[in-house]
Structure formats: C-alpha cells, structure tokens
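Predicted model follows, preceded by the sequence.
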Amino acid sequence: MMNNYFLRKIISSILVLLIVISATFLLLRILPGGPFESDKKLPPQIKINIEKKYKLNEPLYVQYFDYMKNTLKFKLGPSYSYPGKSVNQIISQTFPISLKVGILSLMFTILSSICLSKYLYNNKNSIGTKIINNFIYLSVGTPTFLIGALLIIIFAVKYPIFPAALLTKPSSYVLPILTLSIPSISFLSKLMLESMNEVEETFYYRNARINNIKDGLLLKYYVIKNSLIPFVTAIGPISAFMITGSFVVESIFSIPGMGKMFVLAITNRDYPIVCGITIIYSIALLTINMIIDFTYPLIDKRIKYQWI
C-alpha cells in the first residue's frame, strides 16, 4: 500500500513537471518579439545567423521536441546572454547559493514559528502577546521588498550592524533570511496558534485534563502534536512563497543566486535560463510536497495511505 502511494506520487509529480516545462517553453515563444530583436544595432544577417545557431529559425514543434529530448538528458542548452556558458554551468554556480539561503530561511521559519506559537499559547493575556499579535497581522500582508528595504534602512544604514549586500560573511545572511522569513513566521505561528486553541475544544484534550496530566506533557503530546498537521501542510505553500520571494530578495541584497539570475534572464529573454531555473524550482517544490505527504503518518498514526 505504501509502495503504491509512493509510486503514484512519483508519477503525478513527473506529469506535473512535464506540464510545467512544456507550458514555460511555449509561453516564452508565443510572446511577441524574440531574444535578439531588442538589439537594434544588430545587422539583419548577423541576427539571422545567431538565430540559426540557436535553432530559433526552425518550426516551433521541432524546437519543442528537441528541447524536451535534451532536457530528459538534463542538457539545458546554451545561454543567449552569456556566450560560451551553458545553462547547466550557470545553475551549478547559482543553485548552491540560493539553496543555502532557502534552507536556512525555511529552518529558521519553522523553528521560530513553533517557538512563537508556543509562547503565545502560554501567555494568552499578556501585553507581549498583544504586541506580537499586532505585529503578526501587520507583517503577513507586507510585501517582501518593503520588509527588505526597512531592514536595510534600520540595520545596515542607520545602525550598521549587518551588511546590506552580498554574502561575504556569516552576518550577511541575517537580513536576507529575515526578509524571507518574517511574513512566513507570522503566517505559520498564527495558523498553529489557532490549531492549538481548537485542540482545547476536543474530547481527548478535556479527558486528559480530567486525568490530571501534567501541563508540560499536555502541551507537548496533546496540543502541539495534534496541531502539526495544518502546520506541516502549510510548509508547501510557504516554500513556494520563499522561492518567489527569493527573486526579490536576491535582487535587493545583490545575492548572485538563481532568483536574481531568473529576473535577469526574463529581462534579457534568455529562454534556456528561464526554462532551466523553472525546472529546478519545480523539482524543489514537488520534492518538498512529497516529503510533506510522507510526514503525515509520522505525525498522526490514523492517517493511512491508500491507492485511490
């Protein structure tokens, strides 16, 4: 049963990935203009030769099948904007940077959300809780670029505690991670706190109260554990938010990662880079969602996998 579910998830993920690749490829090519049309100084014959070099003069279906064939071999083609460099080389240079920032941000978000929701739950009527709740409601809807700008102004300009750009030392990770994490921490802690309050209304919680189970055990094994399902489920969308947020964050903090490269590639209409980075991000999101699915039975033993 477990093997069937695992196989089904892999097949569905592969199908989703193929759809994303195909949609990205086709959307880029049906847009008006081309990657070399913005350069007005380029002589017509040279432009024709360049398009022939990259096979852009061939019919769309030929380009599509050729790209899919190479993609299955993980040969993502040459870059239009960086002569002599392949997309594989560019991704191998930028991916580790984005991965490090992303993993640190996600880990910080998860740990901070659990700790914050636990504090809010244990101190429901305190002044600190009211202040934090107001901050949560404010930060959830605040755009990432605004949070980043405010953090730079406060902690890099007015009070030069952390570097404002590049990743030259460990302290330079602080502001980018905070920029990515603050909205996610606010959302997740609010979600988990609501779930923890709902647990108090359940029969098994009230029964545990009647049996005089210690508060620490009650919080750990009854409240927090039974509040993790919606929390874990939300990590998937949060990961997607962090990926899209990385486009802005890497541009703001001049981080030479995939997010910044993706923005530049769209501006330059560098089709292979856009498609290549889209593939990597799609694989990352599908993998995260698959991991989340397999954590459900570990959290709640009542959840069983079935072939539907």
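Nice, I can see it.

residues near the residue nearest to F247 when sequence neighbours are not counted, how many?
Of all residues not flanking F247 in the chain, G259 sits nearest, at 4.3 Å (C-beta to C-beta, 6 or more residues apart in numbering). C-beta here means a position set from N, CA and C on the backbone, and glycine is covered the same way. For G259, the count of nearby residues is 26 (other C-beta atoms under 10 Å).

Surely G259 and M242 touch.
No: at 9.9 Å, G259 does not count as touching M242 under the criterion of C-beta atoms under 8 Å.

Is it correct that the residue nearest to F247 falls within a helix?
Yes: counting by DSSP: H, G, I helix; E, B strand; the rest coil, G259 is found in a helix.

so how far is K169 from it?
Distance of G259 to K169, computed by C-beta to C-beta, to the nearest Å: 20 Å.

again with I177
Taking C-beta to C-beta, one finds I177 at 14 Å from K169.

who has more neighbours, the two?
The neighbour comparison of I177 against K169 (other C-beta under 10 Å) goes to I177, with 18 against 9.

Spatially nearest residue to that one (excluding sequence neighbours)?
S105 (4.8 Å).

Next: P163.
Computed as C-beta to C-beta, 6+ apart, the closest residue to P163 that is not its neighbour in sequence is S172, at 4.1 Å.

got it, and G236?
N289 (4.8 Å).

Can you tell me the SS state at that neighbour?
Criterion first, three-state DSSP; result for N289: helix.

low-confidence ranges in the stretch 201-308 of the chain?
301-308 (pLDDT under 70).

Swap in 50 and give it another go.
Along the stretch 201-308 of the chain, segments meeting pLDDT under 50 span 307-308.

Tell me how many other residues surround T109.
Around T109 there are 26 residues (other C-beta under 10 Å).

same question, E200
Using other C-beta under 10 Å: E200 sits among 12 other residues.

give the contact list for it.
V223 (C-beta atoms under 8 Å, 6 or more residues apart in numbering).

do the same with Q63
29, 55-56.

is it true that S282 touches L18?
No: S282 lies out of contact with L18 (C-beta under 8 Å); the separation is 9.9 Å.

The two - which one has more neighbours?
For S282 versus L18, neighbours defined as other C-beta under 10 Å are more numerous around S282 (19 against 14).
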